[in-house]
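*Asks:* Sharing a sequence plus its predicted fold:
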Amino acid sequence: MQYVNLGHSGMKVSRLCLGSMTFGTPSWRKWVLDEAASTPVIQAAIDRGINFIDLADFYSMGVSEEVVGRAIQGTPRHKLVLASKCFYAMSDDINDQGLSRKHIMDSVEASLRRLGTDYLDLFVIHAFDPMTPMEETMRALDDLIRAGKIRYVGASTMYAWQFVKMNELARQAGLTPFVSMQCQLNAAYREEEREMIPYCISEGIAVTPFSPLARGLLTGQVDSLRNKTDSFTADQYGDETSHNIAQAVARVAAARGVKSSQVALAWVSGRAGVTSTLIGVETVAQLDENIATLDMQLTAQEVHEIDRCYTPCDVINDYNTSRIPRVAR
């Protein structure tokens, strides 16, 4: 396994981060693994040197954190970098959502209970909350750091101007700024390379991309359960350009004698500014295939074959989840 600093912090994380959205209960999403199927994959990832695990209270409505919490009990806590997130509604209660001080505090305590730990190494705001003053959110996060409940703070899925503004507010108020940005990045969606990632590179902020396989499109397995049941796949990657890119990834993979998913993951890991890429795996075999990509470097010609199919599109975030279908060049 390869390790890098998480942005400008001194904390080392594996270059692949184990995403936990796949773990929990299929009653939440049909493609989610139950605990019996999740546990061996989680433990295998740790055995292979992945120390970075990405969680969220929203995944399987808390069950994912419980499953991961039980799976990691045999691993010394200091060997793991546990990250969790909050923002999405966890119940019908009006205050059980968003980034208010109340919800952030409640969410962290709930995640700690579910995971069976005293602290989170990284706590990420899952989206931008226009209904809560930025200073309230940043002060709550800073107070949690001072209380020892969390060690670092990160953000996810928002416009670059929002991320910049929150960071600058924190610095001016003497509060803790963000150390990482978790944004969507893959060969079929590169809009974060315009402003968000250059800003992160400039400020020494870690970039931890999610959805490197474009929600399954770039695996080449169009008949997979997730591709057939995840509405986001069709909404975000149902256009002609996305499918052309998927075919280009498949051509590069065939020429190399590897899987499309491996080429797609290697593409993301090789992009400027990327620190640690989130992966979602269902089997130990898939895990090993993903780890093998750390030694895979695409040639300039292979990257061109994939990138030449790209056309610009709408930014995808939690307030703009669908986009106008692109037309191929």
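*Replies:* On my side now, so go ahead.
*Asks:* burial measure for I94, as a count.
*Replies:* 8 (other C-beta atoms under 10 Å). (Glycine included, C-beta is placed from N, CA and C.)
*Asks:* how close does it get to S100?
*Replies:* Here I94 is placed at a distance of 10 Å from S100 (C-beta to C-beta, to the nearest Å).
*Asks:* Whichever strand or helix holds V67 - contacts with which helices or strands?
*Replies:* Following DSSP states H and E, the helix or strand that holds V67 is helix 63-71. Here helix 63-71 touches helix 35-47, helix 101-115, going by 3 or more C-beta pairs under 8 Å, 6 or more residues apart in numbering; DSSP states H and E.
*Asks:* would K30 count as being in a strand?
*Replies:* No: per DSSP: H, G, I helix; E, B strand; the rest coil, K30 lies outside any strand segment and is coil.
*Asks:* Could you number the chain from 280 rather than 1 from now on?
*Replies:* Fine by me, first position is 280 from now on; the one you just mentioned is K309.
*Asks:* Next one: it relative to F331, how far apart?
*Replies:* For K309, the distance to F331 equals 27 Å [C-beta to C-beta].
*Asks:* Which one's more surrounded, those two?
*Replies:* A count of neighbours by other C-beta under 10 Å puts F331 above the other of K309 and F331, at 26 against 11.
*Asks:* Contact partners for that one?
*Replies:* F331 makes contacts with V292, S293, L295, C296, L297, V360, A362, S555, as judged by C-beta atoms under 8 Å, 6 or more residues apart in numbering.
*Asks:* beta partners of it?
*Replies:* V360 (DSSP bridges).
*Asks:* Skipping adjacent residues, who's closest to S555 in space?
*Replies:* Distances taken as C-beta to C-beta, 6 or more residues apart in numbering place C296 nearest to S555, at 4.6 Å, with adjacent residues excluded.
*Asks:* That neighbour: how many residues sit nearby?
*Replies:* For C296, the neighbour count with other C-beta under 10 Å is 25.
*Asks:* and if you look at the one 3 residues further on?
*Replies:* Counted by other C-beta under 10 Å, the residues lying close to S299 total 26.
*Asks:* and what of S306?
*Replies:* Using other C-beta under 10 Å, S306 has 11 neighbouring residues.
*Asks:* And it, what's its pLDDT?
*Replies:* Looking at S306, its pLDDT is 96.
*Asks:* I'd like to know how far it sits from R605.
*Replies:* From S306 to R605 the distance is 35 Å (C-beta to C-beta).
*Asks:* go on, W307?
*Replies:* Applying C-beta to C-beta, the value for W307 to R605 is 31 Å.
*Asks:* give the contact list for D336.
*Replies:* Applying C-beta under 8 Å, 6+ apart, we find D336 in contact with E344, S363, K364, C365, Y367, M369, S386, A389, S390, R393.
*Asks:* swap in V560?
*Replies:* Applying C-beta under 8 Å, 6+ apart, we find V560 in contact with L297, T301, V320, A324, L566, N569.
*Asks:* Quick check, the third one in contact with I558.
*Replies:* So that's V320. No: with contact defined as C-beta atoms under 8 Å, V320 does not reach I558; the gap is 10.6 Å.
*Asks:* between the two, what contacts are shared?
*Replies:* With contacts defined as C-beta under 8 Å, 6+ apart, the residues shared by V320 and I558 are L566.
*Asks:* higher neighbour count, the two?
*Replies:* Comparing V320 with I558 by other C-beta under 10 Å, the one with more neighbours is I558, at 25 against 20.
*Asks:* separation between the closest residue in space to the more buried one that isn't next to it in sequence and A534?
*Replies:* Closest residue to I558 apart from its sequence neighbours, by C-beta to C-beta, 6+ apart: N569 at 5.0 Å. Distance, N569 to A534, using C-beta to C-beta: 20 Å.
*Asks:* next one: G341
*Replies:* With distances taken as C-beta to C-beta, G341 is found 44 Å from A534.
*Asks:* Same check on A323?
*Replies:* Noted for A323: a distance of 30 Å to A534, by C-beta to C-beta.
*Asks:* Who has more neighbours out of those two?
*Replies:* Per other C-beta under 10 Å, whichever of A323 and A534 has more neighbours is A323, with 17 against 11.
*Asks:* surely that one meets L566?
*Replies:* Yes: A323 is within contact range of L566, at 5.8 Å (criterion: C-beta under 8 Å).
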